[in-house]
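Trainee: Build me a model from this:
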Amino acid sequence: MKREEAYHLTLDALAKMQWNVAMILEAKATEAEKVRNWILTHITNDTFDAHNDQLTTSLQFHEQNIEIIDGLTKLCNGLSRNMKVILNPDGDSSDNMASMFGGLDSGDQDK
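Mentor: Model prediction:
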């Protein structure tokens, strides 16, 4: 197998993984909407004796969502790094902010 074919297969696999991540995010958004509706219906001031209990319950829901988002963000960052290496193998491997903008500079260096 040629190197180009291997890169093509790898990029195809990465694209499929990113599609699956998008589907996961869409499902999580739907689930979050359902949870929000349930919370609005069931978690009221009358449900809990103390405000501290209500706050603790709400924070548990939010912590789960934050953990999911954090995990998916780490996965996407890893996929992005792999794609960057495949698409630009000769480029520098520095991970600075300039690489986010495709090497565009904001200043006038020609002057």
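Trainee: Show the subsequent helix or strand relative to the helix or strand encompassing residue 41.
Mentor: Per DSSP states H and E, residue 41 falls inside helix 3-42. Per DSSP H and E, the first helix or strand lying C-terminal to helix 3-42 is helix 51-87.
Trainee: which of the residues in that following helix are buried?
Mentor: Counting neighbours by 16 or more other C-beta atoms under 10 Å, one finds that the buried residues in helix 51-87 are residue 79. For every residue, glycine as well, the C-beta is placed using N, CA and C.
Trainee: So what's the gap between it and the chain middle?
Mentor: Between the centre of helix 51-87 and the centre of its chain there are 7 Å (C-alpha atoms, centre = their mean, to the nearest Å).
Trainee: Check stretch 72-88 too.
Mentor: Worked out by C-alpha atoms, centre = their mean, stretch 72-88 lies 11 Å from the chain centre.
Trainee: Flag every buried residue along the helix holding residue 41.
Mentor: Result for helix 3-42 [16+ other C-beta under 10 Å]: buried residues residue 14.
Trainee: That helix vs helix 51-87, what angle?
Mentor: When axes from the mean of the first three to the mean of the last three C-alpha atoms, to 10 degrees is applied, the directions of helix 3-42 and helix 51-87 differ by 170 degrees.
Trainee: Output the contacting helices and strands for helix 3-42.
Mentor: In this structure, helix 3-42 packs against helix 51-87, with contacts taken as 3 or more C-beta pairs under 8 Å, 6 or more residues apart in numbering; DSSP states H and E.
Trainee: Excluding chain neighbours, give the residue nearest to residue 24 in space.
Mentor: residue 72 (6.7 Å; C-beta to C-beta, 6 or more residues apart in numbering).
Trainee: Now do the same for that neighbour: its pLDDT.
Mentor: Reported pLDDT at residue 72 in the predicted model: 82.
Trainee: wait, isn't it in contact with residue 25?
Mentor: Yes: counting by C-beta atoms under 8 Å, residue 72 does reach residue 25; the two are 6.6 Å apart.
Trainee: Show me how far stretch 26-36 is from its chain's centre.
Mentor: 16 Å.
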